[in-house]
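Chemist: give the three-dimensional model of this entry:
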Amino acid sequence: MTDDPFVTHRGLLFTVAYEMLGSAADAEDVLQESWLRWDQADRSEVRDPRAYLVRVVTRQALNHLRAMARRRETYVGEWLPEPLLTSPDVADDVELADSVSIAMLTVLETLGPTERAVFVLREVFDVPYDEIAAAVDKSQAAVRQIAHRAKEHIAARRPRVTVDRAEQEAVVARFITAVNSGDLQGLMDVLAPDVVSVADGGGFVRGAARRPILGADKIARYLLGGLAKLGVPFEARPTWVNGHPAIRGEVDGELAGAVCFEIEGGRITRIFSIANPNKLGRLDEATELVR
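Modeler: A predicted model of the protein is given here:
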């Protein structure tokens, strides 16, 4: 066992970086860079190692966010966060599960780098304003204003809807049954009329829509039609991704993607399909997410 604070708080630091970046690969890079800075720090001057490490990780993540913005400009099709296999108990912390959901991470993409950092640190991790100010190099007054604006921005784009775990699992189970059996009516029955489907194939996956698809009928026919053309067996299997019931899609027994959902009133209102092979590396072993 080690009493090194970096090791002790590694789960927290990864979660902070991942929520800021939406990418596990980039979050791991941030942790590596942060470790080097921690290793070179004068520990005798660090009064609160946890706060110090969160500050270091935030600064490194901000650097990555700015670089990622340039990469996104050339990304093929829709960009979605990198999905993480999580254990079902992540859902027990409702606020954490909501904050790491693919739906929330997608909305966080609409914030600027500093706004995202402030929102994540304040709303998810309850970091005091003075510590956030030090991390983002702003005054406390400025941070309070940024936090207020960011919270309003997120609320306007993602009204909070509470869906209990049993309902989520039941809806996803109905979706899985319909997809695996090719049941068009069953699939349409579980989709809200104005459902939106967003897919991220990264330009690598044939058949992955490069623009959002709207409407239950269009989405159901597109999905089942695409699966029928595969020519090899497809199976949708239940799993847990980013703290929520989700689907692991397998083609001929091999992982092909993850599908996550937003659910309201017993129906699916939004579908997020991630099939970019470069984003599927964290779906076989559960990632620890903590706050």
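Chemist: wait, residue 85 touches residue 244, no?
Modeler: No - applying CB atoms under 8 Å as the test, residue 85 and residue 244 come out as separate, 11.6 Å apart. Any C-beta I mention is one placed from the backbone N, CA and C, and that applies to glycine too.
Chemist: more neighbours: the two, which one.
Modeler: Neighbours per residue, other CB atoms under 10 Å: of residue 85 and residue 244, the larger number sits with residue 244, 26 against 17.
Chemist: what pairs with the more buried one across the strands?
Modeler: residue 241 (DSSP bridges).
Chemist: from residue 124, how far off is residue 186?
Modeler: Taking CB to CB, to the nearest Å as the measure, residue 186 falls 37 Å from residue 124.
Chemist: same thing with residue 194?
Modeler: Residue 194 sits 29 Å away from residue 124, taking CB to CB as the criterion.
Chemist: between those two, who's got more neighbours?
Modeler: residue 124 (19 against 11).
Chemist: so that one versus residue 98, what's the distance?
Modeler: Residue 124 is 9 Å from residue 98, by CB to CB.
Chemist: count of residues packed around residue 59?
Modeler: There are 18 residues near residue 59, going by other CB under 10 Å.
Chemist: please identify the buried residues of the strand or helix carrying residue 176?
Modeler: According to DSSP states H and E, residue 176 maps onto helix 165-181. Across helix 165-181, burial judged by 16 or more other CB atoms under 10 Å covers 168, 169, 171, 172, 174, 175, 176, 178, 179.
Chemist: enumerate every residue touching the closest residue to the first one other than its chain neighbours.
Modeler: To tie it back to what came earlier, the one meant is residue 168. Nearest in space to residue 168, with sequence neighbours left out and distances taken as CB to CB, 6 or more residues apart in numbering, is residue 245 at 4.8 Å. Contact analysis of residue 245 by CB atoms under 8 Å, 6 or more residues apart in numbering lists 165, 168, 169, 172, 238, 239, 261.
Chemist: how much space separates the closest residue in space to the third one that isn't next to it in sequence from residue 222?
Modeler: The spatially closest residue to residue 169, leaving aside those adjacent along the chain, is residue 245, at 4.8 Å (CB to CB, 6+ apart). Taking CB to CB as the criterion, residue 245 is separated from residue 222 by 22 Å.
Chemist: residue 21 touches residue 66, doesn't it?
Modeler: No - look at residue 21 against residue 66 with CB under 8 Å: they stay out of range, at 11.1 Å.
Chemist: can you name the two of the contacts of residue 245 that are farthest apart?
Modeler: 165 and 239 (14.4 Å; CB to CB).
Chemist: helices along this structure, start to end?
Modeler: All helices of the chain, identified by DSSP state H, fall at 5-8, 10-21, 24-40, 49-72, 94-100, 102-108, 113-119, 129-136, 140-157, 165-181, 184-190, 216-228.
Chemist: got the buried residues for the last one?
Modeler: In terms of neighbour count (16+ other CB under 10 Å), helix 216-228 has its buried residues at 216, 219, 220, 222, 223, 224, 227.
Chemist: where does the stretch 101-250 of the chain have low pLDDT?
Modeler: 159 (pLDDT under 70).
Chemist: repeat that for 80
Modeler: Low-confidence segments of the stretch 101-250 of the chain (pLDDT under 80): 159-162, 207.
Chemist: in stretch 244-258, what counts as buried?
Modeler: Buried, per 16+ other CB under 10 Å, within stretch 244-258: 244, 245, 246, 247, 248, 249, 251, 255, 256, 257, 258.
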